[in-house]
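>>> Next comes the sequence, and after it the predicted model I'd like to discuss.
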Amino acid sequence: MLTTDLALDALGRVHELVPAVLDGLSPADVTWRADPEANPIGWLVWHLLRVEDDHLATLGGVPQVWLADGWHQRFGLPYPKGAHGFGMSSAEVALFSISDTALLTGYAEAVAAQSRRIVTALTEADFARIVDTRFTPPVTLAVRLVSVMVETAQHIGQAGYVRGLLERRQGRDSGWAGIG
């Protein structure tokens, strides 16, 4: 089905970039902020994964891998279990830390696998299903899926840009985000 193929391709492209944007970075690198109010690379990646995990799990009627597979405990972040980054203050973002980027890449792999299962199982009729009545017009599954694709693409691009800024600051220049 063309619609699911497009969704799988869009989400897959973001997931291909997650390990690349994190490659070779230290825990200090992934928490570096270009400005005291800016989001760091690690938080941006965590947030895009949490949004995808949360939203697609809801669409598929399955538990989030963040909770069901123990990623919440492995990360040990000082956020509520269900947090995904929306509405966080700069002070809350500053609390993000990880001991190893493998946590992010491992979580990304788990989210990607679940997202593939959910999207692959969708039928054409599913895309018209109303999934959120808090908005006018109500949100369909198709619209929510597009929102996730845009959100994740936006944040992986931001993470790449921040990596470029970090490398420039460190006197390295890999060409990330067109900086160089």
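Here it is on my side, so go on.

>>> Chain neighbours aside, what residue packs nearest to S97?
Setting aside the residues directly before and after it, S97 is nearest to T31 in space (CB to CB, 6 or more residues apart in numbering), at 5.6 Å. In this view, the C-beta of every residue, glycine as well, is placed from N, C-alpha and C.

>>> show me what contacts that neighbour?
T31 sits next to 40-43, 96-98 when contact means CB atoms under 8 Å, 6 or more residues apart in numbering.

>>> Would you point out the most distant pair within the residues you listed?
I41 and S97 (12.3 Å; CB to CB).

>>> Can you pick out the residue with more neighbours from the two?
Legend: neighbour count by other CB atoms under 10 Å for I41 and S97, higher for I41 (26 against 16).

>>> got a pLDDT number for the more buried one?
The model reports I41 with a pLDDT of 98.

>>> Which stretches in the protein count as strands?
Using DSSP state E, the strands found in the chain span residues 130-132, 139-140.

>>> Can you list the strands that the last one pairs with?
When you say that, I think you mean strand 139-140. Applying DSSP bridges, strand 139-140 is found paired with strand 130-132 (antiparallel).

>>> Which other helices and strands does the lengthiest helix in the chain contact?
For the chain, the helix with the greatest residue count under DSSP state H is helix 141-169. Counting contacts by 3 or more CB pairs under 8 Å, 6 or more residues apart in numbering; DSSP states H and E, helix 141-169 packs against helix 2-22, helix 41-60, strand 130-132.
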